[in-house]
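Undergrad: Curious how this folds, go ahead:
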Amino acid sequence: QVPLMETGGGSVLAGGSLRLSCTASLSLFSSHLIGWFRQAPGKEREFVAAIRWGSGRTYYSDSVKGRFTVSKDSAKKTIYLQMNSLDIEDTGKYYCGRANGYDTSPRAYTYWGQGTQVVVSS
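TA: Down below sits the predicted model:
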């Protein structure tokens, strides 16, 4: 069983919306952070958004602030990333990961899902 599983990716026109889900089978404690990252071909994995499991506090990169919303359903152990007003620059493979505290570096995340592809076209 994979520790984290992302679903919900797909192809969408610029300006459209998608909602990604990240379902956890590993333990989640209040101090844990679940982060969303994306990686475009030939580029490094970059931080998109994160949510602290206990408090629900959210964090966003400047590039998605105001367009993306991260949320959680504790009963389902699922974290969502609602993506609105999608731009071609949002294209990439989206991953969720678990970290012990707030960090925007992928090196701080010890568990990852296998990713879900998002393609935004004009």
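
Undergrad: the bottom helix or strand of this structure by mean pLDDT?
TA: strand 109-112 (a mean of 92; mean pLDDT, DSSP states H and E).

Undergrad: List the neighbouring strands of the helix or strand just after that one plus their orientation.
TA: Remark: after strand 109-112, the chain's next helix or strand is strand 116-121, criterion DSSP states H and E. Strand 116-121 has the following strand partners under DSSP bridges: strand 10-13 (parallel), strand 92-99 (antiparallel).

Undergrad: could you give the mean pLDDT of strand 116-121?
TA: Mean pLDDT, computed over strand 116-121, is 98.

Undergrad: what's the spacing between that strand and its chain's center?
TA: On the basis of C-alpha atoms, centre = their mean, to the nearest Å, strand 116-121 sits 13 Å off its chain's mean C-alpha point.

Undergrad: buried sites along it?
TA: Going by neighbour count (16 or more other C-beta atoms under 10 Å), the buried part of strand 116-121 is Thr116, Val118, Val120. (Glycine included, C-beta is placed from N, CA and C.)

Undergrad: do the same with stretch 68-77
TA: In stretch 68-77, counting by 16+ other C-beta under 10 Å, buried: Phe68, Thr69, Val70, Lys72, Lys77.

Undergrad: Mind checking which of those residues are in helices?
TA: Assignment to helices by DSSP state H places none of these there.

Undergrad: Out of those, which two sit at the greatest distance?
TA: Phe68 and Lys77 (20.6 Å; C-beta to C-beta).

Undergrad: my guess is Met83 meets Leu20, correct?
TA: Yes: using C-beta atoms under 8 Å, Met83 makes contact with Leu20 at a distance of 7.0 Å.
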